[in-house]
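Novice: Fold the stuff below for me.
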Amino acid sequence: MVSESVFVAFAGLRRVASGPLRDVLPVLKQRFERDSSELVLVFDVETGKQVDFDLRGSLAEVLERTLPAPRGPGRPRLGVTSREISLLPRQWQWLEQQPSGISAALRRLVEHASKTQPGSERAKNQRGALSQILSALAGNLPGYEEACRALFAGEDQRFALAIASWPEDIRLYALQHASEASRVAAEPAPDAGSLMLRDLYQQVWSFGDYAAVERLVAPQYTIHSDPGDPWEGRTLDRAGYTERVRYSRAAFPDLVFHLEQTISAADRIAVRWSADGTHEGPLRDLPATGRRLRFAGQTMYELKHGQVAGHWQVVDRLGFLEQLGPRSPMR
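Specialist: Purely as a prediction, here's the structure:
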């Protein structure tokens with residue numbers, strides 16, 4: 001699932017709201033109704049950019065005007081022109097085939113690319129975003145320039161000392177995000193095997209890019225153990241592996257996987273994952289329910305010659321069935 005943008009709002013020196021827009025906008029609207037002259041600064045936490053919203057009208061009108069509308073039938077609007085995105089015809093064709101729409105597919109691709117950046121690069125981006133927010137909120141406060149130098153040097157103690165006299169809400173926000181950036185910077189760079197698994201989950205299972213199977217999956221793929229999976233115990237060629245993915249994605253056309261944790265050791269990689277999707281097609285003897293499901297599992301993968309060659313897997317199938325409710329014939 002693509003992460004929802006998070007915003008933070010400050011009224012003067014006080015933080016008055018934070019979270020996704022659906023949570024922040026009602027607070028902004030309430031304050032606007034109380035005092036339309038109050039200056040409230042709102043920032044996109046990820047980018048550090050300041051944003052403004054039209055708060056006139058009812059709350060329902062504000063939400064409708066600001067939040068993205070649910071996608072209906074037909075080709076979604078990209079929000080850009082063809083001059084701004086240059087892709088090959090086969091790439092446009094692949095995007096148009098994505099059941100969740102072109103915009104959602106592009107957002108997932110960007111999300112995946114951002115999460116596979118080295119920790120140092122992601123930390124640099126986080127510090128840059130925090131610096132933009134502090135420039136607007138604390139540019140005139142004592143110790144601001146020293147704080148910026150300490151922030152980009154990754155010196156958390158020096159940073160904390162420089163902002164010790166700042167108003168509490170700004171100081172706590174700055175400490176939280178500076179600490180998070182340092183944590184990200186310390187993350188080890190993902191190894192080649194982990195990156196390959198991320199591609200398998202994102203490109204093949206989440207995006208339905210079946211052409212990537214040849215690059216990522218070995219010619220012979222063995223499902224050593226996967227209780228409840230109809231392919232358990234079988235060795236599949238790449239066409240068989242692709243059939244297995246198509247089967248799952250036919251039942252959940254908007255299926256998206258999230259890698260929670262990966263641990264590598266020699267020719268094995270352990271993965272803790274979760275997934276969500278809408279049950280829109282039959283799955284074995286389970287008719288489509290139209291319900292949104294979230295489920296999880298743990299998988300140990302076997303690597304051979306730089307490709308994924310098999311797995312041992314445990315999935316929370318009971319939790320999966322419970323979400324289908326009393327209509328499930330297997331309950």
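Novice: what residue ranges in the stretch 1-150 of the chain are flagged as low confidence?
Specialist: For the stretch 1-150 of the chain, applying pLDDT under 70 flags the ranges 1-4, 68-88, 90-91, 94, 97-101, 104-105, 107-118.
Novice: Go again with 90.
Specialist: In the predicted model of the stretch 1-150 of the chain, residues 1-6, 20, 22, 65-122 satisfy pLDDT under 90.
Novice: where do the strands sit along it?
Specialist: Per DSSP state E, counting those that start in this stretch, the stretch 1-150 of the chain carries strands over the ranges 7-11, 14-19, 40-44, 50-51.
Novice: E260: which of those strands is closest?
Specialist: strand 14-19 (21.6 Å; C-beta to C-beta). In this view, the C-beta of every residue, glycine as well, is placed from N, C-alpha and C.
Novice: out of the strands of the stretch 1-150 of the chain, nearest to A138?
Specialist: With C-beta to C-beta as the criterion, A138 lies closest to strand 7-11 of these, at 10.1 Å.
Novice: Walk me through which strands the closest one pairs with, and which way each runs.
Specialist: strand 14-19 (antiparallel), strand 40-44 (antiparallel) (DSSP bridges).
Novice: Looking at those strands, which one is packed in the most?
Specialist: With neighbours taken as mean count of other C-beta atoms under 10 Å, these reach their highest mean count in strand 40-44, at a mean of 19.
Novice: From the rest of the structure, what touches it?
Specialist: When contacts are defined by C-beta atoms under 8 Å, 6 or more residues apart in numbering, strand 40-44 is touched by residues 5-11, 16, 24, 28, 31, 49-53, 129, 132-133, 136-137.
Novice: if you set the cut-off to 7 Å instead, what comes out?
Specialist: Identification of contacts with strand 40-44 by C-beta atoms under 7 Å, 6 or more residues apart in numbering yields 5, 7-11, 16, 28, 31, 49-51, 133, 136-137.
Novice: Same question for stretch 129-148.
Specialist: Outside stretch 129-148, the residues that touch it by C-beta under 7 Å, 6+ apart are 10, 41, 43, 45-50, 151, 159, 162-163, 165-166, 170, 174, 177-178, 181.
Novice: So how do I select the buried members of those residues in ChimeraX?
Specialist: Selecting only the buried entries of the contacts of stretch 129-148 in ChimeraX, with 16 or more other C-beta atoms under 10 Å as the criterion:
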select :10,41,43,45,48,151,159,162,163,166,170,174,177,178,181
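Novice: What about the contacts of stretch 129-148, which are in helices?
Specialist: L151, F159, A162, I170, A174, H177, A178, A181 (DSSP state H).
Novice: what's around the closest residue to T47 other than its chain neighbours, how many residues?
Specialist: In space, T47 comes closest to A129 once its chain neighbours are excluded; the distance is 5.5 Å by C-beta to C-beta, 6 or more residues apart in numbering. Counted with other C-beta atoms under 10 Å, the neighbours of A129 add up to 19.
Novice: just A251 next, same as before
Specialist: A251 has 19 nearby residues by other C-beta under 10 Å.
Novice: and what of G193?
Specialist: Number of residues near G193 (other C-beta under 10 Å) recorded here: 19.
Novice: Tell me, how many residues neighbour A250?
Specialist: A250 has 14 neighbouring residues, counting by other C-beta under 10 Å.
Novice: for G119, same thing?
Specialist: By other C-beta under 10 Å, 16 other residues sit near G119.
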